[in-house]
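**Student:** sequence and predicted structure, then a few things I'm wondering about:
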Number of protein chains: 2
Amino acid sequence: MGKVGFIGLGLMGKPMSKNLLKAGFAVTVYSRTRQKIEDMSSIGAKLSSSPKEAAMEAEVVVLMVPDSRDVEEVVLGKNGVIEGIKPGSIVIDMGTISPQVEVRMAEELKKRNVDYLDAPVTGGDVGAAKATLTIMVGGRQDVYEKCLPIFKAMGTNIFHMGPTGSGQKTKIVNQIIVSLNLLATAEGLMFAKSAGLDPGKVIEAISDGAAASYQLTNFGPKMLKHDFEPGFKIAHLQKDLRIALTLADTVKLPMLGTSMVNQLLHTLNQSGNGDKGTPMIVHALEKLAGFEINEKTKVS
Amino acid sequence: MGKVGFIGLGLMGKPMSKNLLKAGFAVTVYSRTRQKIEDMSSIGAKLSSSPKEAAMEAEVVVLMVPDSRDVEEVVLGKNGVIEGIKPGSIVIDMGTISPQVEVRMAEELKKRNVDYLDAPVTGGDVGAAKATLTIMVGGRQDVYEKCLPIFKAMGTNIFHMGPTGSGQKTKIVNQIIVSLNLLATAEGLMFAKSAGLDPGKVIEAISDGAAASYQLTNFGPKMLKHDFEPGFKIAHLQKDLRIALTLADTVKLPMLGTSMVNQLLHTLNQSGNGDKGTPMIVHALEKLAGFEINEKTKVS
């Protein structure tokens, strides 16, 4: 279990692969962006020029790429993981993608006698840097246990949720709740502003009681300042909700709240704000209301 | 400031008035239910037979009655507070009612040279019993400061939010966020169940991260067990959202999320479940989905 291939060196992948190096794993990295690979050289990573090459020596290959399509390409595409990986190895996908795609990846790799786990994370770039991620894992119990040392190098709360796809499904529940708590925060603060209250003081007054949430405490103040730097991007949350709504449709579950938030995020994506942070959801409500929450006084 | 009249001895009022007694105030109590008044006698409260009588000796009169109409009746009605209260006294309304009604009460009492504060609370019956309520106060700064010893006997987080009505407006923001976080919890857990996950394990996995909320931690498990004992009642949350939506309409603010939750609570109220606890919102989603979250396995 000492040799790890790591594919995807973005906001999350870079600090996660660094933590694997720190924990003593021999890590071979790959990214589509050449510069990102070279940055890792100085801290002891072995470089590679394709997912195939990153997988060749590895006992475990970790994927941290944005979307379902990226996972399919990196695993099954030309010079993909499947061309290089040895039988008996394990692939772990730690990005957030469709549970159905995970099942298909697991099936394809099984044909080469390669095991597969889906293991999406929460905790953001801060949790990735501090190795305090929450990791939600789907796949066989024995494969999960074999990979625990790898997970422990990157996270603190590690849960085995069930068969392949269960990690992704758990992450979807997380994103459903995140997005509605985000709307709760924005709608509550817009009301506070409209009603002539000091919204910052309102956050202070209510954030320890029944209205308490991570979203209110961490993103409420950003909404008030129009601080829309990501953090986690509107476009990525909308991607996750699209996965949620597709799966809900498959199991015939109505999702009143989630579909509404998805539509609001959609309007922001359409107006070119997909790269902004999720607190920008307040801007969709501002458009509807006709005033901005960071104005000195509300004009009404 | 030693003599307090206390009107309303329900789930909240009873423990709150007890805490005033414990803190050394001389408390005269009144309730529409004779038995509730008599229960207070053994622990040192003075009894009264009308709001007027409860107010006659008092320097401060505290109201803890359910709705706007009750406040109007208790203050302005026959044998009401206004008939007994001395000039120079203060009335504090600690229930959750319409901010506009508070403004009118303050105006009526001002004519008798009586000051008024609106000071709704959060923290539930547990916070009331432990004297750890959050208290959100509207009214004049000097009147607020005079009443601080009274607030400190009942709560730990005490905030002066602005002029008369500001306490109620802050409480409304609280209820908007509570109700959407409640929907978030129910919708997320319904998805978990539909997708074949163990919803209890999902709560464990996600409740410390970005999806964290008071509602998820405290009411998620109750939803899974169909434990719908109040706690806080569906009918009372819907009353609060009605106040929220009325005021939002006045200031021309659209409230997409809040109005949806209000409609869902409405269906529960209509089917005779207004006295159940707020986690029962999950039952509205169950009706739509055609299965119950506490079934052994989802039939789909």
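**Tutor:** It's in. Numbering: from 1, shown residues only, chains lettered A, B, ... in the order given.

**Student:** how far is stretch A:180-200 from where the chain is centred?
**Tutor:** Centroid displacement of stretch A:180-200 relative to its chain, using CA atoms, centre = their mean, to the nearest Å, is 26 Å.

**Student:** ok, and does that stretch reach over to chain B?
**Tutor:** Yes. Against chain B, stretch A:180-200 shows contacts by CB under 8 Å from any CB of the partner chain at A:180-181, A:183-185, A:187-192, A:194-198. Any C-beta I mention is one placed from the backbone N, CA and C, and that applies to glycine too.

**Student:** and the next helix or strand past the lowest-mean-pLDDT helix or strand in chain A?
**Tutor:** Using mean pLDDT, DSSP states H and E, helix A:34-41 stands out as the lowest-scoring helix or strand of chain A, at a mean of 89. Scanning forward in sequence from helix A:34-41 by DSSP states H and E, the next helix or strand is strand A:46-47.

**Student:** adjacent strands (with direction) for that following strand?
**Tutor:** strand A:26-30 (parallel) (DSSP bridges).

**Student:** contacts for the strand it pairs with?
**Tutor:** For strand A:26-30, contacts defined as CB atoms under 8 Å, 6 or more residues apart in numbering or on different chains pick out A:2-9, A:17, A:20-21, A:37, A:40, A:44-51, A:53-54, A:57-58.

**Student:** now stretch A:52-63
**Tutor:** Contact with stretch A:52-63 is made by A:1-8, A:16-17, A:20, A:28-30, A:48, A:51, A:71, A:74-75, A:79-81, A:83-86, A:89-95, A:147, A:150, as judged by CB under 8 Å, 6+ apart.

**Student:** show me the residues you listed that map onto helices.
**Tutor:** A:16-17, A:20, A:51, A:71, A:74-75, A:81, A:83-84, A:147, A:150 (DSSP state H).

**Student:** can you put those residues in CSV and add pLDDT, neighbour count and distance to chain B?
**Tutor:** Output for the ones in helices among the contacts of stretch A:52-63, formatted as CSV (pLDDT from 0 to 100; neighbours: other CB atoms under 10 Å in any protein chain shown; distance: CB to the nearest CB, whole Å):
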residue, pLDDT, neighbour count, distance to chain B
A:16, 98, 26, 16
A:17, 98, 29, 21
A:20, 98, 22, 21
A:51, 98, 29, 29
A:71, 97, 27, 19
A:74, 98, 28, 25
A:75, 98, 27, 23
A:81, 98, 30, 27
A:83, 97, 17, 33
A:84, 97, 20, 33
A:147, 98, 22, 17
A:150, 98, 24, 18
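
**Student:** just to check, residue A:289 is in contact with residue B:251?
**Tutor:** No. The criterion here is CB atoms under 8 Å, and residue A:289 misses it with residue B:251 at 9.2 Å.

**Student:** overlap in contacts, these two.
**Tutor:** With contacts taken as CB under 8 Å, 6+ apart, residue A:289 and residue B:251 have residue A:194 as neighbours in common.

**Student:** those two: who's more crowded?
**Tutor:** residue A:289 (22 against 14; other CB atoms under 10 Å in any protein chain shown).

**Student:** give me the distance between that one and chain B.
**Tutor:** Using CB to the nearest CB, to the nearest Å, residue A:289 is found at 5 Å from chain B.

**Student:** what sits closest to that residue if chain neighbours are left out?
**Tutor:** Using CB to CB, 6 or more residues apart in numbering or on different chains and skipping residues adjacent in sequence, the residue nearest residue A:289 is residue B:253, 5.5 Å away.

**Student:** in which helix or strand would I find the one you found?
**Tutor:** Under the criterion DSSP H and E, no helix or strand holds residue B:253.

**Student:** residues near it, how many?
**Tutor:** 24.

**Student:** wait, it sits on residue A:192?
**Tutor:** No. Using CB under 8 Å, residue B:253 is not in contact with residue A:192, being 10.4 Å away.
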